[in-house]
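*Asks:* for reference, the sequence and a predicted model appear below.
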Amino acid sequence: MSIKKSEFIKRRKDLMAHMEADSIAILAATKPALRNGDADYAYRQNSDFYYLTGFAEAEAVLVLIPGREKGECLLFCQEKDEVKELWNGKLLGPEAAIKTLGVDDSFPITDIDDILPGLIEGRERVYSPMGKDEAFDHQVMEWVRVIRSKVRSGAHPPGEFLVLDHLLHEMRLVKSKTELDLMRKSGQIAVAAHKRAMQACKPGINEYELEAEYLYEFARSGSRAPAYTSIVAGGDNACILHYIENNQTLVDGDLVLIDAGCEYEYYASDITRTFPVNGKFSPEQKAIYEVVLEAQLEAIKTIKPEAHWDDPHNRTVEVITAGLVELGLLKGKVETLIEEGAYRDFYMHRAGHWLGMDVHDVGDYKIEGNWRLLEPGMVMTVEPGIYISPKNTKVDKKWRGIGIRIEDDVAVTRKGSEILTDGLAKTVDEIESFMAA
Ligand code: GLY
Ligand code: MN
Ligand code: MN
């Protein structure tokens, strides 16, 4: 299962249909990043570039010129090269790019400075991902400068520069059927990985041993990388929201929070589960867990077309505040505590984010100052949590150091929602039975 050439072609056509008249869009592949010495980080194509091309090579530039008679969609890429290919792997080359990627024309990347100014010339507007890659911004201006230097010979440089992101990211926000299939697959690989880690857990092992379990499951399922740096946080570490050291021993009686998801064919999953290291929740752990679980289940219920982006978050705030009052961790009237934001000592992040090719995916959350309405095909996480700092002297000692988050990936459907990460133990009973089995 993967995105077909026809879908990439359609995306480019859709984007061009939304571009202003007399415009050109220029988008570059990600540059390889040096890790140390002469060793690079594993190469991962820029999501926008891949979304429009399906092309995973570095040193490439996509150019879209709606309405151009001699071809609207052009690709600059590396030429075939026996020596480079012997050392670093196959290159597609411009000739094959036309057929394989369905572009109208393709040229060697080494010719771009000679060709691109001529393509920009006469266009009023240039779209590019401005402000992300200083060197590329500079490069675009250099191409424009070449045209400016020829105005006395009648050349016409562009007058407007526009950020490409908005048009493209609105498209990426709403997933197609194939994209949802890939996200379901990414979600299910992550489900299997979390199961594996849950089963391997026991007191005395190190956090990194659990990390090894899910990384193994990701890799053997065809996911070539985690979608983000994962969190395996035992005990108090779960109260550090972005804990990634993952190198402490797991202690009998503590909880462990795992936030891990994979990337499959460029699509991310993002799951968090929190479970007892020894397989059995203590009464305090269970009490907090039940509040977070109710918040998550209630928030998922709000997700449907026409709901506001903020509805799931607001629901988690209501349930968590009421739950904390019930347990005596907050004192006062629930409505007043919500107004005052008292829950923020325990729940300091929002309930979720868009999910797609990027783990924190693209797409606006507000339209003209208002939270946007949900539409079928949008995918989000739902991930409420309660984190009671070990230093919180305002609460009874028995609660301190408990950190719990529960996170699933949810797609908006025509009738409501679908949990893409379904099938993983989530209630106290399910977790305890699964770990005992
Ligand atoms: N793992 C990143 C997040 O949950 O937002
Ligand atoms: Mn997460
Ligand atoms: Mn998340």
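*Replies:* The structure has been received and is ready for your questions. Note that the structure is a prediction, hence the values are computed from the model and not measured. Residues are numbered from 1 along each chain as shown. Ligands and ions are numbered 1, 2, ... in the order given.
*Asks:* give the buried residues for stretch 54-66.
*Replies:* Within stretch 54-66, the residues that count as buried by 16 or more other C-beta atoms under 10 Å are 54-55, 57-66. Heads up, the C-betas are built off the backbone N, CA and C, glycines and all.
*Asks:* what parts of the stretch 151-300 of the chain come near ligand 3?
*Replies:* Within reach of ligand 3 by C-beta under 5 Å from the ion, the stretch 151-300 of the chain has these residues: Asp270.
*Asks:* what's the closest non-adjacent residue to Pro390?
*Replies:* Spatial nearest neighbour of Pro390, excluding adjacent residues (C-beta to C-beta, 6 or more residues apart in numbering): Gly401 at 4.2 Å.
*Asks:* residues contacting that neighbour?
*Replies:* Neighbouring residues of Gly401 by C-beta atoms under 8 Å, 6 or more residues apart in numbering: 235-236, 239, 254, 388-390.
*Asks:* distance of the spatially most central residue of the chain relative to Val319?
*Replies:* Nearest residue to the geometric centre of the chain (C-alpha atoms, centre = their mean): Val359, 1.4 Å. Distance of Val359 to Val319, computed by C-beta to C-beta, to the nearest Å: 25 Å.
*Asks:* go on, Lys415?
*Replies:* 24 Å.
*Asks:* returning to that earlier point: I figured the residue nearest to the centre of the chain hits Tyr266, correct?
*Replies:* No. Contact criterion C-beta atoms under 8 Å: Val359 and Tyr266 do not qualify, at 11.7 Å.
*Asks:* still on that earlier bit, could you identify the most distant pair in the buried residues of stretch 54-66?
*Replies:* Ala58 and Pro66 (26.4 Å; C-beta to C-beta).
*Asks:* list the buried residues in the helix ranked longest in the chain.
*Replies:* Longest helix in the chain, counting residues (DSSP state H): helix 177-200. Buried positions in helix 177-200, judged by neighbour count with 16+ other C-beta under 10 Å: 179-198.
*Asks:* ok, and the closest non-adjacent residue to Val144?
*Replies:* Pro157 (5.7 Å).
*Asks:* swap in Val61?
*Replies:* Nearest non-adjacent residue to Val61 (C-beta to C-beta, 6+ apart): Phe76, at 4.4 Å.
*Asks:* so what secondary structure elements neighbour the strand or helix carrying that neighbour?
*Replies:* Element membership for Phe76, per DSSP states H and E: strand 73-77. Identification of packing neighbours for strand 73-77 by 3 or more C-beta pairs under 8 Å, 6 or more residues apart in numbering; DSSP states H and E yields strand 61-64, helix 93-101, strand 105-108, helix 112-120.
*Asks:* let's see that with 7 Å instead.
*Replies:* strand 61-64, helix 93-101, strand 105-108 (3 or more C-beta pairs under 7 Å, 6 or more residues apart in numbering; DSSP states H and E).
*Asks:* same question for it, mean pLDDT?
*Replies:* Throughout strand 73-77, pLDDT has a mean value of 98.
*Asks:* quickly run through the sheet partners of it, with directions.
*Replies:* strand 61-64 (antiparallel), strand 105-108 (parallel) (DSSP bridges).
*Asks:* who wins for proximity to Phe346 among these?
*Replies:* Using C-beta to C-beta, the strands paired with strand 73-77 put strand 61-64 closest to Phe346, at 46.2 Å.
*Asks:* where does the chain dip in pLDDT?
*Replies:* Low-confidence segments of the chain (pLDDT under 70): none present.
*Asks:* which stretches of it form helices?
*Replies:* Under DSSP H, the chain gives helices at 5-18, 47-53, 82-88, 93-101, 112-120, 134-148, 165-173, 177-200, 207-220, 283-301, 311-326, 334-340, 428-436.
*Asks:* any idea which of those is most buried?
*Replies:* Comparing the helices of the chain by mean neighbour count (mean count of other C-beta atoms under 10 Å), helix 47-53 ranks first with a mean of 23.
*Asks:* related to what we said a few turns ago, any chance of the contacts of Gly401 in a markdown table, plus neighbour count?
*Replies:* As requested, those are arranged in a markdown table below (neighbours: other C-beta atoms under 10 Å):
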| residue | neighbour count |
| --- | --- |
| Gly235 | 21 |
| Asp236 | 20 |
| Cys239 | 23 |
| Asp254 | 22 |
| Ile388 | 25 |
| Ser389 | 18 |
| Pro390 | 15 |
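*Asks:* pretty sure Leu329 sits against Trp399.
*Replies:* Yes. The pair Leu329 / Trp399 is scored as a contact, 6.4 Å apart, by C-beta atoms under 7 Å.
*Asks:* which residues of the stretch 301-437 of the chain lie near ligand 2?
*Replies:* Glu407.
*Asks:* rerun at 8 Å
*Replies:* 359, 381, 383, 405, 407 (C-beta under 8 Å from the ion).
*Asks:* likewise for the stretch 151-300 of the chain?
*Replies:* 228, 231, 259-261, 270-272.
*Asks:* now the buried members of those residues.
*Replies:* In these, the ones that pass as buried (16+ other C-beta under 10 Å) are 228, 231, 259-261, 270-272.
*Asks:* ligand 1 next: which of those are close?
*Replies:* 228, 259, 270 (C-beta under 6 Å from any ligand atom).
*Asks:* excluding its backbone neighbours, what's nearest whichever residue of the stretch 51-200 of the chain sits closest to ligand 2?
*Replies:* Closest residue of the stretch 51-200 of the chain to ligand 2, C-beta to the ion: Ala190 (9.9 Å). In this structure, Ala190 finds its nearest non-sequential neighbour in Ser269, 4.0 Å apart by C-beta to C-beta, 6+ apart.
*Asks:* what about that neighbour, how many residues close to it?
*Replies:* By the criterion of other C-beta atoms under 10 Å, Ser269 has 32 neighbours.
*Asks:* any idea how far Tyr243 is from it?
*Replies:* 20 Å.
*Asks:* over to Gly234?
*Replies:* 9 Å.
*Asks:* equivalent analysis for Met378, please.
*Replies:* The value you get for Met378 to Tyr243, if C-beta to C-beta is used, is 29 Å.
*Asks:* higher neighbour count, these two?
*Replies:* Met378 (24 against 19).
*Asks:* could you report the neighbour count for the closest residue to that one other than its chain neighbours?
*Replies:* Distance criterion C-beta to C-beta, 6+ apart; nearest residue to Met378, sequence neighbours excluded, is Val412 at 4.7 Å. Residues contacting Val412 under the criterion other C-beta under 10 Å number 23.
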